Structures are given as structure tokens and as C-alpha cells.
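Trainee: Mind folding the following:
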Amino acid sequence: MQNDDWVYYDNVDNFIKGNFLLSQLTAPTFYLQGLIAAAYSKIFGLDNLPRLTLIFSIGNFFIFAKILKKVGNLKFLNSTLISLIFFFNPLHFYSLLGFMTEIYFMFFL
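Mentor: I've put the predicted structure just below:
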């Protein structure tokens, strides 16, 4: 775990147990992320949450590439390369290795 991941793991564990009260250390925006993570954790276990974050991060890559291609009028290769730069950015890559909220926030944004 990194940063404030422990709070999110505790929240997901509480969601699985039926307690939907958030820790005072987290924002209300955690509910959607927490409910998705609780459903995922019921099937794959709480220790596999970083894999769920990786799945959402890959989704972010494809969405960002699509936005660049469609709105930015970039060619497929250019939008893919820029999206790869985003994906392998050290700050983003650090976030996708844990259960960090910014990956989910970007996905839903």
C-alpha cells in the first residue's frame, strides 16, 4: 500500500461487510469507486485491488487516445503516442500500482 491506500482498503472492507459509512479521512466521491471495488473484491479478494486500478488505468489510456483522435483531430499514431506518454508518466504510473482515487476520478471524468 502507498500513500493513503489503507483508508480506501478499510472502506472497501466495510462496504463488503455492509457498513457504508465512510472514514472521516475520505471524500464523498469515494462511494462509486468503493462500490465497484467491493463487488470486485467479493470475487477476486481485497488484495487484488491494484489489478482493478490497472484495468481502469488501461481504460483511461483508451479513452484519452479516443478523445485526442476525435476532438484533437490527431492521427491514430499520434494520439496513441501521446496517450502512452500519459500512461507511462511517472506520477500516473505510481498511482496505478496501488488503489489510488485519481485513476478512478480520471476515468469517470
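
Trainee: what stretches of this structure score poorly on pLDDT?
Mentor: Scanning the chain for pLDDT under 70 picks out the ranges 1-4, 27-29.

Trainee: Quick check: which element contains the closest residue to I16 other than its chain neighbours?
Mentor: Excluding the flanking residues, the one nearest I16 by C-beta to C-beta, 6 or more residues apart in numbering is A38, at 5.1 Å. Heads up, the C-betas are built off the backbone N, CA and C, glycines and all. Mapping A38 onto the secondary structure by DSSP states H and E places it in helix 30-44.

Trainee: Same question for F107.
Mentor: With DSSP H and E as the criterion, the answer for F107 is helix 101-108.

Trainee: ok, residues contacting that helix?
Mentor: Defining contact as C-beta atoms under 8 Å, 6 or more residues apart in numbering, one finds that helix 101-108 is touched by 8, 27, 29-30, 32-33, 36, 53, 56-57, 59-60, 63, 92, 95-96.

Trainee: same check, this time on stretch 63-80
Mentor: Where contact means C-beta under 8 Å, 6+ apart, the residues beyond stretch 63-80 that reach it are 82-83, 86, 107.
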